[in-house]
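In: Got a sequence here, can you build the structure:
(chains A and B)
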2 protein chains.
Amino acid sequence: MTLADQPPAAALLFQTLLAHGPLTRAEIGRRTGLSPGAITKVATPLLTDGWITELGRPAERTAGRPATLIAVRADRACFVGVKVTGDELIGVLTDLTARTLATARAHLASRDVGTVVLAVARLADRLRAQAPPRAAGALHGIGVTISGDVDGHTGTVQYSPFLNWRRVPLARLVQTATGIPAVIENDVRALTVAEQWFGVGVGLSSFALVTVGAGIGCGISIGGRVVSGAHGVSGEVGHLPVGGTDRVCTCGNTGCVEAVASAQAITEQARRATGDPVLTMGRAVRLAHAGNTDVRAVFARAGHALGLALASVANVIGPERIIISGEGVATYDLYEEQIRTTFAARAFGAAAECDLVVRPLPFEEWARGGAAVAAQRIFAPAK
Amino acid sequence: MTLADQPPAAALLFQTLLAHGPLTRAEIGRRTGLSPGAITKVATPLLTDGWITELGRPAERTAGRPATLIAVRADRACFVGVKVTGDELIGVLTDLTARTLATARAHLASRDVGTVVLAVARLADRLRAQAPPRAAGALHGIGVTISGDVDGHTGTVQYSPFLNWRRVPLARLVQTATGIPAVIENDVRALTVAEQWFGVGVGLSSFALVTVGAGIGCGISIGGRVVSGAHGVSGEVGHLPVGGTDRVCTCGNTGCVEAVASAQAITEQARRATGDPVLTMGRAVRLAHAGNTDVRAVFARAGHALGLALASVANVIGPERIIISGEGVATYDLYEEQIRTTFAARAFGAAAECDLVVRPLPFEEWARGGAAVAAQRIFAPAK
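Out: So this is what the prediction gives:
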């Protein structure tokens, strides 16, 4: 049996179990709309081939009859997830439920496509070598995540500004270099999949994940699906036109959130405020913590712009929760108050009830998102 | 047989046929994930009871065997849809596929809840009297749409500013007054359902419908579902904080799109620009058409704010198309250029490929949205 030969209902059942954990047949029926007969039909080959299993313990009793739980068999397959940054690869090996089995990092000597692909292949080998004996032979996929305009369906990096890549067929290149089925995804979207599946997005009707750092990104999950955008673009909250500044953004416009609140923008504004042309972000943070009013105002302005961005997301899609992450959360204390005040003032009506949660997520969690995307796609790998 | 007794898979099959028209069993399987066996099982009672029908003509031949099309039986049931404005009710009678059979309007003597409910019941009676003989006995539901914070699940108008209603259990009141199962929905969301089902949203992976008039609203459809917001708020693009103005919005903030681009905001700005304190919108439009530079600048500013709002929607959700409608499209020529220029400049990357379509939709189309919502919900009427 290969999974790609299974009917769509099998993928639906399997992905429902992956995302929502052990479920009774009745719960599977409620979540998928599949009839009991259809569930039995699609579950049988998956049970036979060991992808799913019936748990012995009864979950609930209906009219005296114990209801069996069905679960994904975590050790049936393992996956490698990799996050590519400008100078480093962060990799994880996970089981089928995206539980981390091993981690590894590798320095990137250059951002050249060939170098990166080769480094990914070597990292995958190192991770595979760390796999538990039973799992080593069962490496089913690799998921590589990268910032920029990434088309997960065709496996192509359309444009990645920080690597300066355009139209790179990365999934195919990684698959050739590793011999493992490969998928690729935008890094923020992969992290959103991870949060939806096993983070603080579990069970929510909708949420947004806003990452603050070198850039300001956003992943959106509605009804259990990550919004990808009809033209591959979504969650570009860094370029929301919130005004209030004449600073020119990397995109050429003024008034973008990123022009005020990205790490680079904060550093530049702090340099201007202090008159020190070589001031670092670390030094700016220390000055702010020491009470430097001008530098504190720079962080407060960034917090105001971020609050406007979060309020815009809340007004447009009305998520249940917004998760704030990225390197920027290390300095969150310097703008949290401004973010929350602005958000409360500008989210419209009941949209302000949206829960704001700050969550530091190390790059290993981002890499785990890549493994989760790979696991989700074993029914339909990259073309 | 009652529809409410049918399994979830029956609702899924029926709603798929409603939204996507006649389909072969294979197409139903692809769209719903239901197995051929499950389709037969849920279709049989619907066929027996005349909700769906097999069309005689073969749609395609697979291996020489003609594939039968299954369709909803349009004349099996009819529905009333009503849009409530501040001074008028607009009603339509439709068949099960939301095709309009009759229309009627009624003046509202007051905005008092009892008066409006009674007027809705009388309008429904008038529409029922106009029904074709076969359909008259088959009135299955009424859908009332209203602007404001409307909770369609509980059937409650949480807040409607222009009627000054708070926590009105409107679905229950209408159901009691008419004796017909009633549902309610926010008017822009109902119009979005209508566009998704039988308008220019058909077949799109995602779209937004932005209505420009007394307020500025937005309905969002992603993956065939209208986004309702976890707290009942979504698409509040009128209150996106795009800045660029000191005018105070009805919500108390400055910098909102509505503070510059609503009908009231345009009229007030044109009054200030001309020094005429009783200038009407009609007169402002004539002055602009006659070339008055100051009044033209007011419309251009509104167009710029609308362009920023559309770009924000594109950057956040990346829709395939944005449909622009509402009373404001009557004066669209006065701000179209500014909308398109600003949108092109501020939509990020490929998000700018989103198609902008202007579409005048008379209030009867909004009312038809109410009938469409009622037809969609016959499996799960208001609680």
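In: drop to CA atoms for contacts and neighbour counts, all remaining ones
Out: Will do.
In: For the stretch 151-300 of chain A, which segments are assigned as helices?
Out: Assigned by DSSP state H, counting those that start in this stretch, the helices in the stretch 151-300 of chain A fall at A:170-178, A:187-198, A:258-261, A:263-274, A:281-289, A:293-317.
In: For those, give me a markdown table that also has mean neighbour count.
Out: Output for these, formatted as a markdown table (neighbours: other C-alpha atoms under 10 Å in any protein chain shown):
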| stretch | mean neighbour count |
| --- | --- |
| helix A:170-178 | 20 |
| helix A:187-198 | 26 |
| helix A:258-261 | 30 |
| helix A:263-274 | 20 |
| helix A:281-289 | 17 |
| helix A:293-317 | 26 |
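In: so who does A:Val227 touch?
Out: A:Gly219, A:Ile220, A:Ser221, A:Ser234, B:Ile222, B:Ile317 (C-alpha atoms under 8 Å, 6 or more residues apart in numbering or on different chains).
In: Which residues does the fifth one form beta bridges with?
Out: Here B:Ile222 sits in beta bridges with B:Ser206, B:Arg225, going by DSSP bridges.
In: who touches it in this structure?
Out: A:Val227, B:Ser205, B:Ser206, B:Phe207, B:Pro319.
In: just to revisit the earlier point, looking at the contacts of A:Val227, spot the one nearest A:Leu17.
Out: For these, the closest approach to A:Leu17 (C-alpha to C-alpha) belongs to A:Ser221, at 17.9 Å.
In: Tell me where the stretch 51-200 of chain A has strands.
Out: A:52-62, A:65-72, A:78-84, A:88-95, A:100-107, A:139-146, A:149-151, A:156-160, A:165-168, A:182-186 (DSSP state E, counting those that start in this stretch).
In: center of chain A, which residue is that?
Out: The residue lying closest to the centre of chain A (C-alpha atoms, centre = their mean) is A:Leu191, at 1.1 Å.
In: Isn't that residue up against A:Phe363?
Out: No: using C-alpha atoms under 8 Å, A:Leu191 and A:Phe363 do not qualify as a contacting pair, with a distance of 9.6 Å.
In: Below-threshold pLDDT in the stretch 101-250 of chain A: ranges please.
Out: Within the stretch 101-250 of chain A, the ranges that satisfy pLDDT under 70 run A:134-137.
In: if we can go back for a sec, redo the contacts of A:Val227 as JSON lines? Include distance to B:Ala351.
Out: Shown next, in JSON lines, are the contacts of A:Val227 (distance: C-alpha to C-alpha, whole Å):
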{"residue": "A:Gly219", "distance to B:Ala351": "15"}
{"residue": "A:Ile220", "distance to B:Ala351": "15"}
{"residue": "A:Ser221", "distance to B:Ala351": "18"}
{"residue": "A:Ser234", "distance to B:Ala351": "8"}
{"residue": "B:Ile222", "distance to B:Ala351": "15"}
{"residue": "B:Ile317", "distance to B:Ala351": "9"}
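In: Farthest-apart pair in those, please.
Out: For the contacts of A:Val227, the farthest-apart pair by C-alpha to C-alpha is A:Gly219 and B:Ile222; their separation is 14.7 Å.
In: re the thing from before, how near is the residue nearest to the centre of chain A to chain B?
Out: 17 Å (C-alpha to the nearest C-alpha, to the nearest Å).
In: For that residue, list the residues it contacts.
Out: A:Leu191 is in contact with A:Gly219, A:Glu365, A:Trp366, A:Ala367, A:Arg368, A:Gly369, A:Gly370, counting by C-alpha under 8 Å, 6+ apart.
In: What's the separation between it and A:Val82?
Out: Noted for A:Leu191: a distance of 11 Å to A:Val82, by C-alpha to C-alpha, to the nearest Å.
In: any residues in contact with both of these two?
Out: Here A:Leu191 and A:Val82 share the contacting residues A:Trp366, A:Ala367, A:Arg368, A:Gly370, scored by C-alpha under 8 Å, 6+ apart.
In: ok, the first one - how many residues close by?
Out: Read that as A:Trp366. 31 (other C-alpha atoms under 10 Å in any protein chain shown).
In: Got the domain ranges for chain A?
Out: A:3-72, A:76-193+A:364-376, A:202-358 (automatic domain parsing).
In: got those as CSV, with distance to B:Gly238 columns?
Out: CSV is the format used below for the domains of chain A (distance: least, C-alpha to C-alpha, whole Å):
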stretch, distance to B:Gly238
domain A:3-72, 35
domain A:76-193+A:364-376, 27
domain A:202-358, 9
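In: looking at these, which is closest to B:Val183?
Out: domain A:202-358 (21.6 Å).
In: Quick one: end-to-end length of the closest one, please.
Out: End-to-end distance (C-alpha to C-alpha), domain A:202-358: 16 Å.
In: again, but for stretch A:329-348
Out: Stretch A:329-348 has an end-to-end distance of 25 Å (criterion: C-alpha to C-alpha).
In: who touches it?
Out: Contacts for stretch A:329-348 (C-alpha under 8 Å, 6+ apart): A:212, A:285, A:288-289, A:296, A:299-308, A:310-312, A:314-315, A:352, A:358-360, B:233, B:236, B:239-241, B:253.
In: Tell me the buried residues in stretch A:96-111?
Out: A:Leu96, A:Thr97, A:Ala98, A:Arg99, A:Thr100, A:Leu101, A:Ala102, A:Thr103, A:Ala104, A:Arg105, A:Leu108, A:Arg111 (16 or more other C-alpha atoms under 10 Å in any protein chain shown).
In: neighbours of A:Val233, just the number please.
Out: Close neighbours of A:Val233, defined as other C-alpha under 10 Å, add up to 26.
In: Against A:Gly307, how distant is A:Arg247?
Out: For A:Arg247, the distance to A:Gly307 (C-alpha to C-alpha) stands at 18 Å.
In: thinking again about what came up before, which of the shared contacts of A:Leu191 and A:Val82 has the most neighbours?
Out: Result: A:Gly370 is most packed of the shared contacts of A:Leu191 and A:Val82 (other C-alpha under 10 Å), 36 neighbours.
In: so what does the strand or helix carrying that residue touch, helix or strand wise?
Out: A:Gly370 is part of helix A:363-376 when elements are defined by DSSP states H and E. Here helix A:363-376 touches strand A:78-84, strand A:88-95, strand A:139-146, strand A:182-186, helix A:187-198, going by 3 or more C-alpha pairs under 8 Å, 6 or more residues apart in numbering or on different chains; DSSP states H and E.
In: by how many degrees do the longest one and strand A:139-146 diverge?
Out: Counting by axes from the mean of the first three to the mean of the last three C-alpha atoms, to 10 degrees, helix A:187-198 points 130 degrees away from the direction of strand A:139-146.
In: what's the nearest residue to A:Arg189 if we skip its chain neighbours?
Out: Computed as C-alpha to C-alpha, 6 or more residues apart in numbering or on different chains, the closest residue to A:Arg189 that is not its neighbour in sequence is A:Gly219, at 5.1 Å.
In: residues in contact with that neighbour?
Out: A:Val188, A:Arg189, A:Leu191, A:Thr192, A:Ala208, A:Leu209, A:Val210, A:Val226, A:Val227, A:Ser234, A:Gly235.
In: Please repeat the previous calculation with a cut-off of 10 Å.
Out: Applying C-alpha atoms under 10 Å, 6 or more residues apart in numbering or on different chains, we find A:Gly219 in contact with A:186-193, A:195, A:207-211, A:226-228, A:234-237, A:322-323, B:316-317.
In: Now do A:Gln269 against A:Gly243, distance only.
Out: Counting by C-alpha to C-alpha, the gap from A:Gln269 to A:Gly243 is 16 Å.
In: typed the wrong thing, it's A:Ile146
Out: For A:Ile146, the distance to A:Gly243 - C-alpha to C-alpha - is 29 Å.
In: Between the two, which has more neighbouring residues?
Out: A:Ile146 (25 against 20).
In: Nearest residue to that one in space, please, no chain neighbours.
Out: With C-alpha to C-alpha, 6+ apart as the criterion, A:Ile146 has its nearest non-adjacent residue at 4.7 Å, and that residue is A:Asp187.
In: got it, and A:Gly91?
Out: Leaving aside its chain neighbours, A:Gly91 sits nearest to A:Val82 (4.3 Å; criterion: C-alpha to C-alpha, 6+ apart).
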